[in-house]
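> can't give you the sequence, but here's the structure:
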DNA sequence: ATGACCCTAGTTTAGGGA
């Protein structure tokens, strides 16, 4: 059973790409981020015709998350994170699918740092940490899949020295990601590939993909109940080389049924 | 250090992304 996170950078512009990928890979559960579409403009019928049940939380122009399930309907449990009633950004959706709890998340970018956007990022991660505490220790299987906008370590970026002051790599952010992980989450890709250079994002600028000047910022965190079932993890890197690609590539785990 | 590119909104240039 394959679970994937994929920042598609605009579902309007990326729909042909997304449908091709769904057809070729037939992933079981897909978490999408950056829909960049209001609720009513989500291409629900195209997704359903491809064989997927779906829930989504749209937003005009920016953000937006969705959970797709092949041959079944995700059952929504949470829409948004508690802790800030004034936060209207669509960045968190949680559902149960085929016995799994799936948190689909899109952490704020946070640049420029320091500044209000960076403060919002740090606060958002704290709200996430509060929300996930009980999930980490749950005996039920839970996966937190998404675009974390966090480069966890120097191994996860092509030139770490260039990123030390960036909101994706600043120590406050890495420290917060560490505290989240310390609740009992397993970073699937890094656990199965401890030394490998693996990226999930390549800038549109400067031929970043061709040069493999990438970042690893899309992660699947597994609680102990899922960790026991983990058999493989990777990135559909070739999708980044398709025509009109997103700047991110689908990032996945394979679980025993 | 800078700017390179892409998406959206909605009319043409600006904001956001990372």
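Happy to help now that I have it. In this text the structure is predicted, and so the values were computed from the model without any measurement.

> Buried residues in stretch A:159-166, which are they?
Neighbour counts using 16 or more other Cβ atoms under 10 Å place A:163, A:166 of stretch A:159-166 among the buried residues. (Each C-beta comes from the backbone N, C-alpha and C, glycine too.)

> Between the two ends of it, what distance do you get?
End-to-end span of stretch A:159-166 (Cα to Cα, to the nearest Å): 12 Å.

> For chain A, what lies in contact range of DNA strand B?
Residues of chain A found near DNA strand B (Cβ under 7 Å from any atom of the strand) are A:7, A:9-14, A:34, A:36-38, A:41, A:60-62, A:108-109, A:111-112, A:117, A:147, A:149, A:168, A:201, A:203-206, A:215, A:217, A:244, A:247-248.

> Quick one, which of those residues are buried?
A:7, A:9-11, A:14, A:34, A:36-37, A:108-109, A:147, A:149, A:168, A:201, A:215, A:217, A:247-248.

> Tell me the confidence at whichever residue of the stretch 51-200 of chain A sits closest to DNA strand B?
Residue nearest to DNA strand B within the stretch 51-200 of chain A (Cβ to the nearest atom of the strand): residue A:109, separated by 3.6 Å. You'll see residue A:109 listed with a pLDDT of 95.

> Can you list phi and psi of the residue in the stretch 1-150 of chain A that DNA strand B sits nearest to for me?
The stretch 1-150 of chain A approaches DNA strand B most closely through residue A:10 (2.5 Å), counting by Cβ to the nearest atom of the strand. Residue A:10 adopts backbone torsions of phi 100, psi 100, taken as degrees, to the nearest 10.

> Wait, the residue of the stretch 51-200 of chain A closest to DNA strand B touches residue A:117, no?
Yes: assessed by Cβ atoms under 8 Å, residue A:109 is found in contact with residue A:117 at 7.2 Å.

> shared neighbours, these two?
Common contacts of residue A:109 and residue A:117 (Cβ atoms under 8 Å, 6 or more residues apart in numbering): residue A:167.

> which stretches of the stretch 101-250 of chain A form strands?
In the stretch 101-250 of chain A, the segments counted as strands under DSSP state E, counting those that start in this stretch are A:142-147, A:186-187, A:201-202, A:214-215, A:218-222, A:230-235.

> Pick out the residue closest to the middle of chain A.
The centre of chain A sits closest to residue A:146, judged by Cα atoms, centre = their mean, with a distance of 1.3 Å.
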